[in-house]
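# heads up, no residue letters with this:
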Ligand SMILES: Cc1ncc(COP(=O)(O)O)c(C=O)c1O
């Protein structure tokens, strides 16, 4: 039986080796009470205080230097994005040259599909999950239409079995095997956004490659949340945003990943722009594209500096934490505490649809109210008490105690309030 006292939660906080990091983030101001509990890192991560300094630094540089900010200064704009590749690669188990910071997530999915969705009459199907995030659904459907195929026939989906919430590993792998040579692309998330389920990425990549399909991963909910070995798993491409667990601000610069085996390959077509041209000769302006032999070949435009600066600030906080290992260790401790508190305080009035095993979940836990309880009203009452979580139609409240800034006391406050709302 768990000790449900606030003192016990505080004791757990006092033993948390990452506790000091919380002060490095701006915690939103409470509206109704003394303290706001922020459990929405899966949606918009909190602002690292260092982000403000870095953005101001760029505004000052612009004011002070004008165009000279591109080259003749500290942290110049021309190579600005380059400092992201190495720390970002560490977080996801990639090589720095496989990573480039650019655009938004959905844009990157389309650009990468220009290279890795190359349908033919015989092989043109795309596999996604039935409850894919709307953008992934629209990306796949619009790519099919762009190439002249009917999504009604060529979009293949895999769904949880009736009466269940999570995708069954066997079902995913068997669907891939069954589509066989008709399958051109598997496009799946690392973590399912609604349930928080971690998908078996390595096995999905291997299964896709076995039938000759390319495999792309949407890592919006996985990057900065769970440990990955992207390079070893070998997806052809991946993309993720930086505003969720990567705490880089609304609409911040996203990431594209291309596996090393596809770099410098003249047989892979690409949509190109001048910023993808190798930097040594970019300004020769001779209109002959020179491949930089990195994922930067996919970068079309010069970097959006003001929305890239926070990414650099946030990656600094991940470095300070010691990388994904210590962050995952805390996530497991805080997740176990959350589970125990829910078991003790709300019991079967709430169903956890996120898988229980640490290998199949990240920081997010999705909760469904049972027995005719109106989930939307529960959510509204939590919000009115300054507990920020989110409501996803039709019936799920999502919470994500994230390791960089959440505390055991946050989880205590959430679970005790939920219990009193439900009683
Ligand atoms: C899984 C997933 N894919 C794609 C997107 C779309 O991201 P963006 O609007 O940055 O393109 C989101 C946004 O939350 C998401 O959660």
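All right, it came through fine. Predicted model only: the values in this text are computed from it and were never measured.
# okay, CA-based contacts and neighbour counts for the rest of this
Fine.
# would you say residue 391 is within a strand?
Yes. According to DSSP: H, G, I helix; E, B strand; the rest coil, residue 391 belongs to a strand.
# That one and residue 378 touch, don't they?
No. Using Cα atoms under 8 Å, residue 391 makes no contact with residue 378, being 9.6 Å away.
# Now the stretch 151-300 of the chain against the ligand: closest residue?
When distances are taken as Cα to the nearest ligand atom, the stretch 151-300 of the chain approaches the ligand most closely through residue 220, which lies 5.0 Å from it.
# If you drop the residues flanking it in sequence, what lies closest to that residue?
Closest residue to residue 220 apart from its sequence neighbours, by Cα to Cα, 6 or more residues apart in numbering: residue 240 at 4.5 Å.
# Name all residues that make contact with that neighbour.
105, 218-221, 223, 254-256 (Cα atoms under 8 Å, 6 or more residues apart in numbering).
# May I have the beta-bridge partners of it?
residue 255 (DSSP bridges).
# quick one: it and residue 306, what's the gap?
As defined by Cα to Cα, to the nearest Å, residue 240 lies at a distance of 18 Å from residue 306.
# Likewise for residue 4?
Separation of residue 4 from residue 306 (Cα to Cα): 44 Å.
# Please identify which helix or strand holds residue 126.
When elements are assigned from DSSP states H and E, residue 126 belongs to strand 125-129.
# Could you list the residues in contact with that strand?
Strand 125-129 has contacts (Cα under 8 Å, 6+ apart) with 119, 136-137, 140, 154-159, 176, 182-188.
# helix/strand/coil for residue 188?
On the three-state scheme (three-state DSSP), residue 188 is labelled strand.
# swap in residue 179?
What three-state DSSP gives for residue 179 is helix.
# Tally up the residues packed near it, please.
When neighbours are defined as other Cα atoms under 10 Å, residue 179 has 18 of them.
# The lowest-mean-pLDDT helix or strand in the chain pairs with which strands, parallel or anti?
Of all regular secondary-structure elements in the chain, judged by mean pLDDT, DSSP states H and E, the least confident is strand 390-392 with a mean of 92. Paired strands of strand 390-392, with direction, are strand 396-399 (antiparallel) (DSSP bridges).
# Those residues of the chain touching the ligand, which are they?
Near the ligand, the residues belonging to the chain are 104-106, 133, 135-136, 193, 220, 241 when assessed by Cα under 6 Å from any ligand atom.
# Pick out the most distant pair among those.
Of all pairs drawn from the residues of the chain next to the ligand, the one with the longest distance (Cα to Cα) is 104 and 193, at 17.4 Å.
# Could you say which helix or strand holds residue 209?
Of the helices and strands defined by DSSP H and E, residue 209 is found in helix 201-210.
# got the contact list for that helix?
Counting contacts by Cα under 8 Å, 6+ apart, the residues touching helix 201-210 from outside are 172-173, 176-177, 185-186, 190, 214-215, 233-235.
# quick one: contacts for the closest residue to residue 16 other than its chain neighbours?
Closest residue to residue 16 apart from its sequence neighbours, by Cα to Cα, 6+ apart: residue 330 at 7.7 Å. With Cα under 8 Å, 6+ apart as the criterion, the residues that contact residue 330 are 16, 18, 403.
# Give the rounded mean pLDDT of the helix or strand containing residue 330.
Assigning secondary structure by DSSP H and E places residue 330 in helix 324-345. Per-residue pLDDT values over helix 324-345 give a mean of 97.
# and if you look at stretch 227-237?
Averaged across stretch 227-237, the pLDDT comes to 98.
# quick one: buried residues of it?
Residues of stretch 227-237 classed as buried: 227-231, 233-237 (neighbour count, 16 or more other Cα atoms under 10 Å).
# mind listing the helices for the chain?
Across the chain, reading from the start of the chain, the helices by DSSP state H fall at 6-14, 49-65, 82-92, 105-116, 134-146, 151-154, 169-179, 201-210, 230-233, 305-321, 324-345, 375-384, 408-422.
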